[in-house]
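Asks: Generate a structure from the sequence data that follows.
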Amino acid sequence: MHIINNMIKYEEDKLSNGLRVVVNRAERTQMAAVNMLYCVGARNENPARTGFAHLFEHLMFRGTKAVPDFDAPLHKASGENNAFTNNDYTDYYITLPKENVETALWLEADRMTGLDITKAKLEAEKRVVIEEYNQRYLNQPYGDMWLLLRELAYRVHPYRWPTIGLTPEHVAGATLEEVRAFYARYYTPANAILSVAVDMEPERVFELAQKWFGDEPGGALGEVSGFVRPVDEIPVEPLQTEARRLEVERDVPATAITIAFPMGARTSRNYYACDILSDVLAGGASARMYQSLVKEKRLFSSVNAYITGDLDPGMFVMTGHLLPEVSVEAGEEALWGELKRLCEGPVGGYELEKVKNKFEAETIFGELNVMNKAMNLGFYAMLGDLPLVNREVEIYRSFEAQELMAEAVATFRPERSSTLIYKRRSENGE
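Replies: Next up, the predicted model:
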């Protein structure tokens, strides 16, 4: 017997300028969450000018002519805010007392089209982003693993570069004109989704959205955007038919083995199957990989399996750090052995039920948080299937062991694998 899922109730509207507005009546809470999602991520970038979506995550806090300091009025309203960028979208979110929700709407509307992008501000944020790139990817152990894996697994799709960009040189060389053009193209009402969770009548929220966003974008920006959401031609990744392999040496404490496979897009049935299978393999200390490869066979010090969860077809990734005395060959054989188990025998009933229960519990507990509700509504609206927010537990519950085994056979094929061997340099006697 499983937990009964509480649905997220919502109402939606669309302004004449294209802005989608989704509202959840979050009763019995004094806090409000305002989430602004822009349908632009690394996948929308020019391969010669990557890192722009992430750069804008920084620039959007640099102030407008009307509000030079974005944080100051928000702090006065007892609010907090943050943002993140990924391959598919950029998300800005604010939490504050419900009586101050209009402050958040005012600020988001102001910076949607009124951002004051000057040469000085651009250069300052360039330095911040380049330093972040160096610290995250170049100046720490295993920092470039993700860069190498993406480049190995993708040939033409923009997922081949990380959100921060292919190289810091792209951001360093960005001109003021290029950055302003990116802003004019993607930061428009028709390319955005406003989702709000607040203890307030949805009609009142729609009125406030019309008040603050109804006249956007206006002027020259309206002529540039044409009130039409940008449609970018995203290259389709060709079917992989041969195994790929890359071996590198680095000054790291342990050799790491990573094997990646192409998997289905975010709304595909294969996505859900791979999500379940990743939890069967590595959903905690009782899962297969830890029990077999760490605890029993003592081949790895740590192991993991996960999916990227991208909008377009993403990656199923399994990885592990070898113990010093274990060879790469033994480690690879053990990882493939775990995949073979999934392909040759159905997942046990208790094992599968545990994974399903975990997902359902996480979904329900997540819905208790007002910010999670607002974020989820924005995300599923971006997917183009807003009701999916209340159907996913049902989808996970629908999988039986035989179907999962079939999905494993279709996914974990040697000719579709990309293997990265990230060797500890001292293993070669250097």
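Asks: tell me the pLDDT at the residue positioned nearest the centre of the chain?
Replies: The centroid of the chain falls nearest to Asn86 when counting by C-alpha atoms, centre = their mean (4.8 Å). On pLDDT, Asn86 comes in at 97.
Asks: show me the contacts for Met318.
Replies: Under the criterion of C-beta atoms under 8 Å, 6 or more residues apart in numbering, the neighbours of Met318 are 258-260, 281-282, 289, 303-305, 335, 338-339. C-beta coordinates here come from the backbone N, C-alpha and C atoms, glycine included.
Asks: So which of these are in strands?
Replies: Residues of these located in strands (DSSP state E): 258-260, 303-305.
Asks: Including pLDDT and distance to Leu311, could the residues you listed go into JSON lines?
Replies: Below are the ones in strands among the contacts of Met318 laid out as JSON lines (pLDDT from 0 to 100; distance: C-beta to C-beta, whole Å):
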{"residue": "Thr258", "pLDDT": "98", "distance to Leu311": "22"}
{"residue": "Ile259", "pLDDT": "98", "distance to Leu311": "23"}
{"residue": "Ala260", "pLDDT": "98", "distance to Leu311": "18"}
{"residue": "Val303", "pLDDT": "98", "distance to Leu311": "27"}
{"residue": "Asn304", "pLDDT": "98", "distance to Leu311": "22"}
{"residue": "Ala305", "pLDDT": "98", "distance to Leu311": "21"}
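Asks: Could you save those as TSV and add columns showing distance to Ile234 and neighbour count?
Replies: Below are the ones in strands among the contacts of Met318 laid out as TSV (distance: C-beta to C-beta, whole Å; neighbours: other C-beta atoms under 10 Å):
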residue	distance to Ile234	neighbour count
Thr258	25	22
Ile259	26	24
Ala260	20	23
Val303	33	25
Asn304	28	17
Ala305	27	24
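Asks: So what sits opposite the residue lying closest to Gly173 once chain neighbours are set aside in the bridge?
Replies: Counting by C-beta to C-beta, 6 or more residues apart in numbering, the nearest residue to Gly173 once its immediate chain neighbours are dropped is Arg49, at 7.9 Å. When bridges are called by DSSP bridges, Arg49 pairs up with Asn46.
Asks: now Arg49: how far from Thr175?
Replies: Distance of Arg49 to Thr175, given as C-beta to C-beta, to the nearest Å: 10 Å.
Asks: Between these two, tell me which one has more neighbours.
Replies: In this view Arg49 and Thr175 are compared by other C-beta atoms under 10 Å, and Arg49 has more residues nearby, 18 against 11.
Asks: residues touching the more buried one, list them.
Replies: Arg49 neighbours (C-beta under 8 Å, 6+ apart): 170, 173-174, 178.
Asks: From Ser398, how far out is it?
Replies: In terms of C-beta to C-beta, Arg49 sits 43 Å off from Ser398.
Asks: same question, Arg185
Replies: Computed as C-beta to C-beta, the Arg185 to Ser398 distance reads 40 Å.
Asks: And Leu281, by the same measure?
Replies: For Leu281, the distance to Ser398 - C-beta to C-beta - is 20 Å.
Asks: Can you pick out the residue with more neighbours from those two?
Replies: Per other C-beta under 10 Å, whichever of Leu281 and Ser398 has more neighbours is Leu281, with 24 against 11.
Asks: How is the chain partitioned into domains?
Replies: 11-225, 244-428 (automatic domain parsing).
Asks: that older thread, can you name the two of the ones in strands among the contacts of Met318 that sit furthest apart?
Replies: Using C-beta to C-beta, the ones in strands among the contacts of Met318 reach their maximum pairwise distance at Ala260 and Val303, which is 14.7 Å.
Asks: Any idea how many residues pack against Gly349?
Replies: 10.
Asks: and the next element down the chain from the worst-scoring helix or strand of the chain on mean pLDDT?
Replies: In the chain, no helix or strand scores lower on mean pLDDT, DSSP states H and E than helix 219-225, which sits at a mean of 38. Proceeding N to C from helix 219-225, the next assigned helix or strand is strand 244-250, under DSSP states H and E.
Asks: Pull the residues that contact that following strand.
Replies: By C-beta under 8 Å, 6+ apart, the surrounding residues in contact with strand 244-250 are 141-142, 144, 148, 152-153, 417-425, 427-428, 430.
Asks: Next, the buried residues of it.
Replies: Within strand 244-250, the residues scored as buried using 16 or more other C-beta atoms under 10 Å are Arg250.
Asks: hmm, who's touching stretch 329-341?
Replies: 255, 257, 259, 281, 288-289, 292-293, 297, 299-300, 318, 320, 322, 408, 412, 419.
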